[in-house]
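K.L.:
Kindly return the folded structure for what I paste below:
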Amino acid sequence: MAILLVLFNLIDGGISFWAIYIARFAYEANPIMAAVMGVSPYLFLAFKVVVPTICVTLLYKHRHHPVANGGLIVAFLVYLGLMVHFGLLLHTAFVVGLF
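P.N.:
So this is what the prediction gives:
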């Protein structure tokens, strides 16, 4: 599960970077991350990928503890929902001819 979380995180970071910085059709809703994006889009990408990966690593290291294990499950479900959302957005974009 931790490996999938890191993979989902990389996908999220890449899509966010592309949609905000390259394609310029999205914006960062998190004001802290929006400020980081204002400093440097590459710093934004680094934060977007590294911080959650560190958190997942710490949760995985302590996965025997019920709270850490619960955190892994919740994070997995949230990222899984995000991946489904991204998939639906891409599908819609192809159907309406945006790509």
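K.L.:
Quick one: mean pLDDT over the longest helix along the chain.
P.N.:
When the chain is scanned for its longest helix (criterion: DSSP state H), the result is helix 66-95. The average of the pLDDT scores along helix 66-95 is 91.
K.L.:
Name the residues of it that are buried.
P.N.:
By neighbour count on 16 or more other CB atoms under 10 Å, the buried set for helix 66-95 is 71, 72, 75, 76, 79, 83, 86. All C-beta atoms are positioned from the backbone trio N, CA, C, and that covers glycine.
K.L.:
Which strands and helices lie in contact with it?
P.N.:
For helix 66-95, the packing partners by 3 or more CB pairs under 8 Å, 6 or more residues apart in numbering; DSSP states H and E come out as helix 2-17, helix 41-61.
K.L.:
Can I get those in TSV including distance to residue 28?
P.N.:
Formatted as TSV, the helices and strands packed on helix 66-95 follow (distance: least, CB to CB, whole Å):
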stretch	distance to residue 28
helix 2-17	7
helix 41-61	7
